[in-house]
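Undergrad: Generate coordinates for the sequence data below:
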Amino acid sequence: MRPLGAALSALSSALACAAVAPSTASIEALSPEEANVYHGMDAAASAEALAEYADVTLLDHEWRNVADPALNMSSFAERCQNSLKRAIWEEERGLPPYLYVDPLDGVAVGERAQPNDPRIVYFIGITRPSGAIIASRLLRALHHSSHLYMIHVSGAGSGSLHRGSPQAGRQAPPHHGHVDLKADPSVYRKLSDLTRDHPNIRLLSTRRLVQWGGFTMVSTMLDAIASIVARNLDFDFFINLSDADMSLRTNSEVMEFLRPYKGRQFVQVHAGNGEWLQRARNFTGTHAVVECGGYGFVSLNDTRPIDIGGAHPSCCFGRGGPVVYVNDTRLHLREARSAMRAEAASHLAMAAREAAEQIGDADPVGSLSEAGEEVDRAGAEAAKARAAAREAAIETVRYLHTGSQWVVLDRTFCHYLIKDERAIRWRKVFAARFLADESFVQTVLMHSPFRSTNINNNLRYIMWPQYYGDPTSYWIRMGWNFVGGPTVINATEAMEVFKTPYLLARKVRWSPAYDRYVLTIFVPS
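TA: Sure thing, here's the model as predicted:
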């Protein structure tokens, strides 16, 4: 016989151990040749390793073989084949998506104006030709020497890896790249000129080709976080931005607001189980995909074309490009299933630990028999509580959490995102999911010890066309590049937006076709 508290403590420890997957051990076990393939630094090694895998039949939304020359999709099909092979290669070795750590050589931040001032790391993702203009406005409004500003410019060109000085901009390896129709080479040059004399503004040295709706939208942010974690930078908040954002406040106003919230997160997490939210979660959780090197996806083992709905043509996933389909059992996505099981076990371990603390080892009313004899009343109540906790935990991980991709994270949670095995496991899961940018941080956070630190708000003004009814007509009127996105703020609306309590606003565009004058307005409160 063992006291109930001791039994529960043992169960808690066992379950907690079972919930950890050896991702870091998998990375450390790589041979030098495998490490070159994983890091993407040796195109020849990657080609040789992936050549061991046979091509598969890829079908378009009308179930036509995309290898058919009449479809003119041979280049796209080749990228998809290579991306699928790499995903299989990484899964066989238990590897998470690789993160590129910038050495941050030459980077320096100044002293805080006041000891309790928050130090902020801003990450700005650039994908548009107007990115340098919008980034310069963000920097002008938010700059202070005590902060660090990290800028990622979406890759361009053939996808080869360009070596040289970090500030020259290394291109992500071939499995991340293709000819990027969005990127303008002048954007990187303009930002390089802008940042050259500022040691606290850094252009990330490895450039990924960012794919709308894909995990690369998350990977660039994680690259930045991994870089400051590796550097062990002293900071309080990490804020992600894009070249469609406008600051509504000055640096001093932002610091004044954030000062009382050190140790907290500002992450919007959708609450409830309404029909729309359940459909969104099901869509993200149901379809397993592989990005095709910057444009398009391979959908794994779907029996019919994905129903995108809205203004999306049936061939494509919004601005993310075409979706092709494959029936391939080589990619098992074991991590997606094991992550769910492990999270349930982790929640059960936590519930068991709490029950042990409440009941204690004294167990005055009786004990549990190791032979399985009937428990006493107190033991039965504890068993019921554990069963209820287990069911609740399983229900919690039955769906993925969703919300806004625009976040404010504290330093401790940033370290958790990069280092903790549970977060690394979720990285593997979301590498194969649509719209990971709107689910990854939310799911990691809500299944982590930091859940209670979150304030459910992203501090951004965002107006969605669906607030006014069917968004399809708006997206059609604005054009293909706006499908799935919020409304664009014009100069007239901006005056009202500045009156809102938010720190930032989106979406803005610098283009004569829309309203470039919005960026000339600044009305500090």
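
Undergrad: which residue sits closest to A87, ignoring its sequence neighbours?
TA: Nearest non-adjacent residue to A87, counting by Cβ to Cβ, 6 or more residues apart in numbering: V290, 4.8 Å away. Heads up, the C-betas are built off the backbone N, CA and C, glycines and all.

Undergrad: Starting from L248, give me the distance back to N490.
TA: For N490, the distance to L248 equals 15 Å [Cβ to Cβ, to the nearest Å].

Undergrad: Buried residues, whichever strand or helix holds the residue nearest to A87. List them.
TA: Per DSSP states H and E: V290 is located in strand 289-291. Buried residues in strand 289-291, defined by neighbour count with 16 or more other Cβ atoms under 10 Å: 289-291.

Undergrad: And for stretch 126-140?
TA: 126-128, 130-132, 134-135, 137-139.

Undergrad: where does the stretch 251-400 of the chain have low pLDDT?
TA: 273-282, 285, 307-313, 333-399 (pLDDT under 70).

Undergrad: for the closest residue to T500 other than its chain neighbours, what are its contacts?
TA: Leaving aside its chain neighbours, T500 sits nearest to Y461 (5.3 Å; criterion: Cβ to Cβ, 6+ apart). Residues near Y461 by Cβ atoms under 8 Å, 6 or more residues apart in numbering: 248, 497, 500, 502, 504-506.

Undergrad: let's see it at 10 Å
TA: Y461 makes contacts with 246, 248, 486, 489, 493-494, 496-498, 500-506, as judged by Cβ atoms under 10 Å, 6 or more residues apart in numbering.

Undergrad: So which of the buried residues of stretch 126-140 belong to helices?
TA: Using DSSP state H, 131-132, 134-135, 137-139 are the members of the buried residues of stretch 126-140 that sit in helices.

Undergrad: and which of the residues you listed is nearest Y295?
TA: Checking these against Y295 by Cβ to Cβ gives G131 as the nearest, at 18.6 Å.

Undergrad: before we move on, the earlier item: with respect to R86, which of the buried residues of stretch 126-140 is nearest?
TA: For the buried residues of stretch 126-140, the nearest to R86 is T127 (22.7 Å; Cβ to Cβ).

Undergrad: how close does the closest one sit to T492?
TA: Counting by Cβ to Cβ, the gap from T127 to T492 is 26 Å.

Undergrad: sorry, back to before: I'd guess the residue nearest to T500 is in a strand, am I close?
TA: Yes. Per DSSP: H, G, I helix; E, B strand; the rest coil, Y461 lies within a strand segment.

Undergrad: Neighbouring strands of the helix or strand just after the strand holding V290 in the sheet, and parallel or not?
TA: Proceeding N to C from strand 289-291, the next assigned helix or strand is strand 297-300, under DSSP H and E. Strand 297-300 sits in its sheet next to strand 289-291 (antiparallel), strand 323-326 (parallel), going by DSSP bridges.

Undergrad: In JSON lines: these, plus distance to A49.
TA: As requested, the strands paired with strand 297-300 are arranged in JSON lines below (distance: least, Cβ to Cβ, whole Å):
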{"stretch": "strand 289-291", "distance to A49": "17"}
{"stretch": "strand 323-326", "distance to A49": "20"}
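
Undergrad: quick one, which of these is nearest to L445?
TA: Of the strands paired with strand 297-300, nearest to L445 by Cβ to Cβ is strand 289-291, at 22.9 Å.

Undergrad: before we move on, the earlier item: farthest pair within the buried residues of stretch 126-140?
TA: Longest span within the buried residues of stretch 126-140, Cβ to Cβ: T127 and L139, 17.3 Å.

Undergrad: sorry, back to before: quick check: which of the strands paired with strand 297-300 is nearest to L204?
TA: strand 289-291 (19.1 Å).

Undergrad: quick one: contacts of that closest one?
TA: With Cβ under 10 Å, 6+ apart as the criterion, strand 289-291 contacts 79-80, 83-88, 175-176, 209, 211, 213-216, 219, 296-300, 302, 306, 317, 320-321, 323-324, 326, 328, 331, 431-434, 436.

Undergrad: List the contacts of the nearest residue to P322 once chain neighbours are set aside.
TA: Leaving out its chain neighbours, the residue that sits closest to P322 by Cβ to Cβ, 6+ apart is G296, at 4.5 Å. By Cβ under 10 Å, 6+ apart, the contact set of G296 is 66, 73, 76-77, 79-80, 83, 178, 211, 214, 289-290, 315-317, 320-324.

Undergrad: Could you rerun that using 6 Å?
TA: 76, 321-322 (Cβ atoms under 6 Å, 6 or more residues apart in numbering).

Undergrad: quick one on the thing from earlier: would you tell me which one of the buried residues of strand 289-291 comes nearest to R112?
TA: Closest to R112, out of all of the buried residues of strand 289-291 and judged by Cβ to Cβ, is E291, at 39.8 Å.

Undergrad: So what sits opposite the closest one in the bridge?
TA: F297.

Undergrad: Now tell me what touches the helix or strand T220 falls within from outside.
TA: Taking DSSP H and E as the definition, T220 sits inside helix 216-231. Under the criterion Cβ under 6 Å, 6+ apart, residues 99-102, 104, 121, 123, 125, 150, 152, 208, 210, 240, 414-415, 418, 436-437, 440 lie in contact with helix 216-231.

Undergrad: List only buried entries from those.
TA: 99-102, 104, 121, 123, 125, 150, 152, 208, 210, 240, 414, 418, 436-437, 440.

Undergrad: out of these, which are inside helices?
TA: Per DSSP H, the buried ones among the contacts of helix 216-231 map to helices at 414, 418, 440.

Undergrad: List just the nearest of those to E62.
TA: F440 (31.8 Å).

Undergrad: surely that closest one meets A432?
TA: No. Contact status for F440 versus A432: not in contact, 11.7 Å apart, counting by Cβ atoms under 6 Å.

Undergrad: where's the dip in pLDDT among the contacts of Y461?
TA: Here the lowest pLDDT out of the contacts of Y461 sits on P486, with 71.

Undergrad: now the strands for the stretch 351-500 of the chain?
TA: 408-410, 454-455, 460-462 (DSSP state E, counting those that start in this stretch).

Undergrad: Of the ones you listed, which is nearest V269?
TA: strand 454-455 (6.9 Å).

Undergrad: tally of neighbours for the closest residue to D328 other than its chain neighbours?
TA: Closest residue to D328 apart from its sequence neighbours, by Cβ to Cβ, 6+ apart: V56 at 5.2 Å. For V56, the neighbour count with other Cβ atoms under 10 Å is 16.

Undergrad: Wait, a strand at V56?
TA: No. Under the criterion used here (three-state DSSP), V56 is coil, not part of a strand.

Undergrad: 23 is where my numbering starts, stick with that
TA: Shifting the count to begin at 23 puts that one at V78.

Undergrad: That one is in contact with V348, isn't it?
TA: Yes. V78 lies in contact with V348 (Cβ under 6 Å); the separation is 5.2 Å.

Undergrad: which residues does the closest residue to C314 other than its chain neighbours contact?
TA: Using Cβ to Cβ, 6+ apart and skipping the chain neighbours, the partner closest in space to C314 is C102 (4.2 Å). For C102, the contacting residues are 80, 314, 320, 346, by Cβ under 6 Å, 6+ apart.

Undergrad: phi, psi of C102?
TA: When quoted as degrees, to the nearest 10, the phi and psi of C102 stand at phi -60, psi -40.

Undergrad: Please report the confidence value the model assigns to it.
TA: On pLDDT, C102 comes in at 94.
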